Structures are given as structure tokens and as C-alpha cells.
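**Student:** Generate a structure from the sequence data that follows.
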Amino acid sequence: MKHALLLVLLAGCRLAPIPAPPPQDPAYAAVLQRWTSAATMYNNVFEPSATVWATYFSMPFRDARVAELTRERALPAAEADALRLVEQSENEAGHDFLVAMNTTDASENDLESSHSIWRVALSADGGPQTLPQNVERLGRPDAQLRELFPYAGDFYVAYRVRFPIHFASGATLIPDDARILTLHLAGPRGRAELTWDRSRGR
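**Tutor:** Just a heads-up that it's a prediction; the model follows:
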């Protein structure tokens, strides 16, 4: 009898599930769009070889991401504050980008490989380029990544690309007054320049 009652109670619970939070707060979506750039590369005029999207983890974007994760996960204030501190620390450690890439030939989607056909670099205001400090392959986007970065579809591979704060000479890679950031991708299958105007986010 107790088991039957338990089954009835469980069935009743399933009839009235707690709804999931809505997908993306409009405020987050606006900040994501502001700090995201995209391009398509071509083998020739008519043959696309790759599509790439990238989001620059500026501090305004990091703040918006913390707010979105806090909303999604209903985080208490202490956990949200801890997450914000992590983002601030990451921001001081390097310049991060979430890069999602889809290539016509899946074997060429290998930004993290030392033998990759692609060269990835970053420059500020048309100045010298620098190579990534680290490229981490995140793989096919999972549910959380798709929620935060909806452009990362089924055929994309996601990467976290980090550039250093300083050049080897000690000079700052992105000076405080730098306006245009450019992420350069180039290889035998094409090239692209993804740009961000930092002045619009200040």
C-alpha cells in the first residue's frame, strides 16, 4: 500500500514540473551580440571552407555571463560573488576568446593541434600580432555552452583561445586606449579577420 501511494505521489509530481528558466535574458543576449564576431572563409570565390564565430571575453561580457549563469542556476549571492571573482582573476591572466569553428573537411577543424593548418593571432589597432598562449579544444558544444553561445551548432567545434597580457618584450598587448581588436585566422583554405570595437563597450 505504501509503495502504491508513493507511485501515485511521484506520478502527481510529474504532472506539474517546475518550468525551466527562459533561454537567455535579453540583456545577456545584447551583450553577447556586442562582443561576438563571425566570418566565412573560402577556398575560392564560390567554395566555402570554414565558418568561424568568436566571442571576446571583455570584462563587460564576463559580468554579463556571471549574471546569466546566476539567473539560470538560481545561484545564491555568495556563489555569484565567487564566480565574479574567478572571472576577474581570469581577465587579469589573459585575453580569452570562445571560438566555434565549422570546417567543410572535419579533419581540418584542429586549432589546438601543433600541426594545424590554421594560424591564429591577435592584434590591437593594426599593431604587431601575437600568437595564442594556449588553445584548449572544448569539443562539440554541450547544453550549457549552447545556451550561452547559441551560434555553436551541431557541426561546430568549440575552443577556448587565450592570448597573453604582454608581449615577450614586456609591452602591453592591448593598451587601455586601444580601440580595434582583430583576431586573425589564416591557412591554405582561406583567411578571415574578426574585429571588435572596444570603444563601443566602454
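**Student:** in this protein, which segments are predicted with low confidence?
**Tutor:** Across the chain, the ranges flagged by pLDDT under 70 are 1-23, 201-202.
**Student:** Tell me which stretches of it form strands.
**Tutor:** Listed in chain order, the strands of the chain (DSSP state E) span 36-42, 48-56, 95-103, 119-124, 134-139, 157-163, 180-187, 190-197.
**Student:** In TSV: these, plus mean neighbour count and distance to residue 110.
**Tutor:** For every residue, glycine as well, the C-beta is placed using N, CA and C. Conversion of the strands of the chain to TSV gives the following (neighbours: other Cβ atoms under 10 Å; distance: least, Cβ to Cβ, whole Å):
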stretch	mean neighbour count	distance to residue 110
strand 36-42	16	15
strand 48-56	21	11
strand 95-103	23	9
strand 119-124	19	11
strand 134-139	14	8
strand 157-163	20	8
strand 180-187	18	10
strand 190-197	17	15
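**Student:** Could you dump these into CSV with distance to residue 83 added?
**Tutor:** Below are the strands of the chain laid out as CSV (distance: least, Cβ to Cβ, whole Å):
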stretch, distance to residue 83
strand 36-42, 21
strand 48-56, 18
strand 95-103, 15
strand 119-124, 26
strand 134-139, 19
strand 157-163, 17
strand 180-187, 25
strand 190-197, 24
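**Student:** and the longest helix for this protein?
**Tutor:** Criterion DSSP state H: the longest helix present in the chain is helix 77-93.
**Student:** and that one, which residues are buried?
**Tutor:** 80, 83-84, 87, 91 (16 or more other Cβ atoms under 10 Å).
**Student:** Next, the buried residues of stretch 168-184.
**Tutor:** So, applying 16+ other Cβ under 10 Å, buried residues of stretch 168-184: 173-174, 181-184.
**Student:** Max pairwise distance over those residues: which two?
**Tutor:** 174 and 184 (14.4 Å; Cβ to Cβ).
**Student:** how much does the longest helix of the chain deviate in direction from strand 157-163?
**Tutor:** 60 degrees (axes from the mean of the first three to the mean of the last three Cα atoms, to 10 degrees).
**Student:** what does helix 77-93 rub up against?
**Tutor:** 57, 59, 62-63, 65-66, 69-70, 75, 96, 162, 165 (Cβ atoms under 8 Å, 6 or more residues apart in numbering).
**Student:** In ChimeraX, select just the buried ones from these.
**Tutor:** The ChimeraX command for the buried members of these (criterion: 16+ other Cβ under 10 Å) is given here:
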select :57,62,65,66,69,70,96,162
